[in-house]
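Participant: show me how the following folds:
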Amino acid sequence: MLAIALVDRTGSGLWASVSVSVRYFTYVSHLSVAQMGTLAAIAGAIGIAGAPLGGRLADRFSLTRVLVALQLLRALASFALLTTDNYVLLILFSAVGGFGDRAANVLTKLYATRVAGPDRIRYQTISRTAANADWALGGLTAAAALALGTTAAYHWLLLGDALPFVTVTTVTVGCGEPMPP
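Facilitator: I've put the predicted structure just below:
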């Protein structure tokens with residue numbers, strides 16, 4: 001799960017930087033500041049529901065399978081953003097992606113905690129440090145693309161966010177199901 005978190009956060013660092021997503025929606029999708037604010041508020045509010053609802057799903061179904069489904073959901077939401085400039089659809093896809101992101105984040109930690117057992121605190125420390133480094137790496141890469149300022153560069157950033165979700169999905173499929181406490 002540590003490798004999964006590393007790949008995930010590097011890709012997320014490309015897109016989740018506020019300046020990248022805001023510039024994409026204003027420069028590429030031509031949203032106004034008010035529309036961008038509404039999109040961010042709705043996506044954020046729905047994203048908050050991801051953690052508790054993801055936990056409930058993991059209580060009812062295989063944790064590994066729920067993680068796979070959430071990673072695919074995140075990938076589809078990111079890819080879908082490339083397909084439209086329709087405001088309502090951009091809100092919908094952003095909200096779905098935010099929901100999947102929050103749920104997958106919590107469930108990845110749950111999985112790792114179950115596997116790490118008594119070493120979970122050490123694992124969480126390493127995981128958090130690596131995730132921060134990967135966010136920074138993704139952010140630096142995004143900064144280079146922002147310097148270009150082209151629609152193609154923004155599309156590549158969005159693809160760079162989506163493709164790690166696909167990679168993480170394939171790795172997660174091979175993971176065993178951790179035993180609940």
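Participant: sketch out the low-pLDDT regions of this structure for me.
Facilitator: 1-20, 181 (pLDDT under 70).
Participant: what are the ranges of the helices in it?
Facilitator: Remark: helices assigned in the chain by DSSP state H are 2-16, 18-23, 33-48, 50-60, 63-81, 87-116, 120-148, 151-173.
Participant: so how far is the third one off the chain centroid?
Facilitator: In terms of Cα atoms, centre = their mean, to the nearest Å, the gap separating the centre of helix 33-48 from the centre of its chain is 16 Å.
Participant: that helix versus helix 87-116: what angle between them?
Facilitator: Using axes from the mean of the first three to the mean of the last three Cα atoms, to 10 degrees, the direction of helix 33-48 lies 30 degrees away from that of helix 87-116.
Participant: what residue is smack in the middle of this structure?
Facilitator: Compute the mean C-alpha point of the chain, and by Cα atoms, centre = their mean the closest residue is D101, 4.1 Å away.
Participant: any idea how far A104 is from the nearest residue to it once chain neighbours are set aside?
Facilitator: With Cβ to Cβ, 6 or more residues apart in numbering as the criterion, D101 has its nearest non-adjacent residue at 6.0 Å, and that residue is R74. All C-beta atoms are positioned from the backbone trio N, CA, C, and that covers glycine. Distance of R74 to A104, computed by Cβ to Cβ, to the nearest Å: 6 Å.
Participant: returning to that earlier point: touching, the residue nearest to the centre of the chain and A51? I think so.
Facilitator: No: no contact is recorded between D101 and A51 when judged using Cβ atoms under 8 Å, the distance being 9.9 Å.
Participant: could you check the distance from the residue nearest to D101 over to Y123?
Facilitator: 23 Å.
Participant: between those two, which is the more surrounded one?
Facilitator: R74 (28 against 17; other Cβ atoms under 10 Å).
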